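> got a predicted structure here, sequence first:
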Amino acid sequence: MEVNPIIEVEGLSFSYNGGEKVLDNVSFELHKGEILGVLGPNGAGKTTLLKILLGILRGTGTVKVLGTDISSIPPKRLAKIIGYVPQEHHIVFPYKVIDYVLMGRAPHHGMFSLPSRKDYDKAYRVLDDLGLGSLADKAITEISGGQFQLVLIARTLVQEARILLMDEPVSHLDISNAVKTMSLIRKLVEEERILGAMVTLHDPLMASLYCDKILLLNKGRVETYGSPREALNPERLSQVYGVDFDIIKYNNRYILVPII
């Protein structure tokens with residue numbers, strides 16, 4: 001039986017070394033077929049929240065993934081369920097793109113196993129699907145930032161993760177690659193290649209265009225959670241970011257812009 005919500009968080013709190021709470025009584029759900037955008041200023045707790053969902057950190061409260069408490073999911077199994085694309089990923093060694101993507105198969109193998117022909121076929125197929133086939137034999141250090149972001153997603157798809165977590169996936173990209181990346185996430189969800197995605201963002205405009213739900217964090221607490229139309233109102237955003245916003249209706253969409 002299919003589980004929905006695919007992620008369920010209730011009353012989650014966390015602090016580093018017993019200090020001030022970085023997350024305070026956070027509750028939300030990610031449902032099948034949704035992209036959940038997590039917004040908030042620097043220090044709001046967005047990355048910490050992702051680390052808890054990845055099993056790296058453990059807070060108090062309830063965190064369930066596919067209906068199971070995260071504390072009872074072995075790390076290797078969790079790695080097959082949740083794929084993660086970090087905000088920054090510095091590569092020094094010039095791996096070939098195909099070899100780097102194949103690293104996503106690690107949760108499916110033993111420590112000393114080598115990739116099989118089936119693994120290679122899957123990796124090449126995913127690269128082709130994402131329009132990256134021509135990069136397969138290029139060094140990862142020689143491709144652009146936008147291409148690298150898509151390669152990170154390819155590695156997650158090869159991992160066969162069911163849920164995608166992304167930390168600021170478009171913050172270092174130009175507008176063309178940012179749109180391409182967010183459109184790809186939308187396509188992956190709509191085609192059910194993943195069950196759903198959770199994406200931390202800085203830009204309310206990008207969130208309003210691509211996200212089905214918004215979780216707005218401020219100083220570790222939930223400021224609001226709901227649809228973009230409900231959550232991204234100018235007054236609330238002004239309180240959180242300290243900048244005035246206005247809403248412009250364009251093409252049956254409500255576009256948020258800062259007032260300058």
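Yep, it's here. Numbering: from 1, shown residues only.

> just give the nearest non-adjacent residue to Lys256, would you?
Careful, residue 256 is Leu and not Lys. Residue nearest to Leu256 in three dimensions, not counting chain neighbours: Pro204, with 4.6 Å by CB to CB, 6 or more residues apart in numbering. Glycine gets a C-beta too; all of them are placed from N, C-alpha and C.

> try Ile255
Among residues not flanking Ile255 along the chain, Ile248 sits closest, at 4.7 Å (CB to CB, 6+ apart).

> count of neighbours near the one you found?
Using other CB atoms under 10 Å, Ile248 has 9 neighbouring residues.

> for Asn177, see how far away the most centrally placed residue in the chain is.
Taking CA atoms, centre = their mean as the criterion, Met166 is the residue nearest the geometric centre of the chain, at 2.1 Å. Using CB to CB, to the nearest Å, one gets 14 Å for the distance from Met166 to Asn177.

> one more: Ser116?
32 Å.

> so which of the two has more stuff around it?
Asn177 (19 against 12).

> any idea which helix or strand carries the more buried one?
helix 175-190 (DSSP states H and E).

> which outside residues touch the very next helix or strand once past that helix?
Sequence-wise, the next helix or strand downstream of helix 175-190 (DSSP H and E) is strand 196-200. For strand 196-200, contacts defined as CB atoms under 8 Å, 6 or more residues apart in numbering pick out 6-7, 30-39, 46-47, 50, 53, 87, 163-169, 182, 185, 188-189, 210-211.

> angle of strand 196-200 against helix 175-190?
Using axes from the mean of the first three to the mean of the last three CA atoms, to 10 degrees, the direction of strand 196-200 lies 150 degrees away from that of helix 175-190.

> quick check: the residue nearest to Leu256 touching Leu237?
Yes - between Pro204 and Leu237 there is a contact under CB atoms under 8 Å: 6.1 Å.

> which residues do the two both contact?
Shared contacts of Pro204 and Leu237, counting by CB under 8 Å, 6+ apart, come down to 245, 256.

> neighbour-wise, which of the two wins?
Ranked by neighbour count (other CB under 10 Å), Pro204 and Leu237 place Pro204 first, with 25 against 22.

> bridging across strands, which residues link to the closest residue to Leu164 other than its chain neighbours?
Of all residues not flanking Leu164 in the chain, Ala197 sits nearest, at 4.2 Å (CB to CB, 6+ apart). Taking DSSP bridges as the rule, Ala197 bridges to Ile35, Leu164.

> what is the burial count for Ala197?
Ala197 has 25 neighbouring residues, counting by other CB under 10 Å.

> the closest residue to Tyr100 other than its chain neighbours and Ile91, how far apart?
Excluding the flanking residues, the one nearest Tyr100 by CB to CB, 6+ apart is Ile140, at 5.0 Å. Going from Ile140 to Ile91 by CB to CB gives 5 Å.

> same thing with Tyr124?
Tyr124 sits 20 Å away from Ile91, going by CB to CB.

> neighbour-wise, which of those two wins?
More neighbours surround Tyr124 than the other of Tyr124 and Ile91, with 17 against 13 (other CB under 10 Å).

> pretty sure that one is in a helix, no?
Yes - applying DSSP: H, G, I helix; E, B strand; the rest coil, one finds Tyr124 inside a helix.

> please name the nearest non-neighbouring residue to it.
Using CB to CB, 6+ apart and skipping the chain neighbours, the partner closest in space to Tyr124 is Ala136 (6.4 Å).

> show me the contacts for that neighbour.
Contacts here follow CB under 8 Å, 6+ apart; on that basis Ala136 touches 96-98, 124, 127.

> PyMOL command to pick out the buried ones of the residues you listed?
Restricted to buried positions by 16 or more other CB atoms under 10 Å, the PyMOL selection for the contacts of Ala136 reads:
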select buried, resi 97+98+124+127
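
> pLDDT added to the contacts of Ala136, as a markdown table?
Listed next are the contacts of Ala136 as a markdown table, based on pLDDT from 0 to 100:
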| residue | pLDDT |
| --- | --- |
| Lys96 | 93 |
| Val97 | 93 |
| Ile98 | 93 |
| Tyr124 | 92 |
| Leu127 | 91 |
